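In: Structure, please.
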Amino acid sequence: MNHKRIRTTLVAGVGALGMFALSACGAADTESASSADEVTLTVPSWVGARANAEVAKVVLEQELDVKVKLQQLDEPVAFDALNNGKADAILEDWGGSPKKEQLYVEEKKTIVKGGDLGVDGHIGWFVPKYYADENPEILDAKNFNKFAKDFTSANSGDKGEFLGAAPSYTTYDEHIIKNLGLNLKVKETGNEAAQIKEIQQKYRDKEPFITYWWDPQWLNADIDLVEVKLPEYTEGCNEPETATDCAYAVTPLQKYLNADFAKDGGDAAEFIKNFNWSTEEQNKVAKWVAKDKMSGKEAAEKWVKENKAVWEAWLPKK
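Out: Reported below is the predicted structural model:
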């Protein structure tokens, strides 16, 4: 079900973690990223995933004396790195690489599941509440063409403009629009930071807009968006992609570990398997980084200081 995000662009305010050249070679390359006292975590480029990794890094280093290296890698390349042993774990996967998951987890068994992150990921189409309050029929996509004129722009002609995700995301919006016969034209916003900036500007100006959007997302605490009802998601409704005429699925976000690390990684591996927190906690740390301009380390240390009862449950039982 290849219906989730694959994201490669840093959100505004997030410092670079550093790029590392990782080949997508096969399992025959067994170089290990970990030792008894060092762990490599892959970090997808969106700020929520950064929040997971920064908090894990602080607890692992301060409580378990394990050095942690963070590598900026989105899901497809992260799976390759976990497969060939150049990374140990990914803490937030949206299921955007089903073929690699099938190959490495089910067939080669070089990667193992690490359990739920505790956060449900949801993608959908959203409009601002101030517009929905005045036009409640907009909340059902079958009525959208009545309102398309409200969303036109200089670049959309007589079609309504749909704010799309970054080109690197996996989306079905073009297919949904075509298959439902909607008078919309997708505008690629370039990256997550640019999409957020445009949404914030339109929201401040009380302009109507419709956009691809998701949760968890720290900005949801600052703006009030309402989801447009698409035809209900059912198993297989997006297969093949070109036939998609349904909503996106709600996805419990997953952790994955290199199989050798999961077996031999000791306390660090057990900690990662135990790592589990809420959408609200992730959004809190993400907001501190993306909006309040704290460094990842500062935000993580602040959260760790304030939430001892949460992270103590992640520590290996002695």
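In: List the residue ranges of the chain that fall below the pLDDT cut-off.
Out: Low-confidence regions of the chain, defined here as pLDDT under 70, cover residues 1-36, 168.
In: Strand partners (parallel or antiparallel) of the lengthiest strand in it?
Out: Residue-count comparison of every strand in the chain, with assignments taken from DSSP state E, identifies strand 111-128 as the longest. In the sheet containing strand 111-128, the strands it pairs with under DSSP bridges are strand 210-215 (antiparallel), strand 225-228 (antiparallel), strand 250-258 (antiparallel).
In: Can you lay out these as TSV showing distance to residue 124 and mean neighbour count?
Out: The way it works is simple: take the backbone N, C-alpha and C, and place the C-beta from them, glycine included. Putting the strands paired with strand 111-128 into TSV (distance: least, C-beta to C-beta, whole Å; neighbours: other C-beta atoms under 10 Å) gives the following:
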stretch	distance to residue 124	mean neighbour count
strand 210-215	7	22
strand 225-228	5	18
strand 250-258	9	21
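In: can you pull out the strands in this structure?
Out: Assigned by DSSP E, the strands in the chain fall at 38-43, 67-72, 89-93, 111-128, 160-164, 184-188, 210-215, 225-228, 250-258.
In: Comparing those strands, which stretch has the densest surroundings?
Out: strand 89-93 (a mean of 27; mean count of other C-beta atoms under 10 Å).
In: Which strands border that strand, and is each parallel or antiparallel?
Out: strand 38-43 (parallel), strand 250-258 (antiparallel).
In: Now find how far off-centre it is within its chain.
Out: How far strand 89-93 lies from its chain's middle: 10 Å, per C-alpha atoms, centre = their mean, to the nearest Å.
In: before we move on, back to that, let's have the strands paired with strand 111-128 in TSV, adding distance to residue 129.
Out: Shown next, in TSV, are those (distance: least, C-beta to C-beta, whole Å):
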stretch	distance to residue 129
strand 210-215	13
strand 225-228	5
strand 250-258	21
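In: Residue 110: which of those is closest?
Out: Across the strands paired with strand 111-128, residue 110 has its closest neighbour in strand 250-258 (7.1 Å, C-beta to C-beta).
In: Export that closest one to CSV, keeping only CA atoms.
Out: Extracted C-alpha coordinates of strand 250-258, given in CSV (Å, rounded to 0.1, in the frame of the first residue of the first chain):
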residue,chain,number,x,y,z
VAL,A,250,-4.5,6.0,8.8
THR,A,251,-1.1,4.5,9.4
PRO,A,252,0.4,3.4,12.8
LEU,A,253,4.0,4.6,12.3
GLN,A,254,6.6,1.9,12.7
LYS,A,255,10.2,1.4,13.8
TYR,A,256,12.6,-0.9,12.0
LEU,A,257,16.0,-2.3,13.0
ASN,A,258,18.9,-4.0,11.3
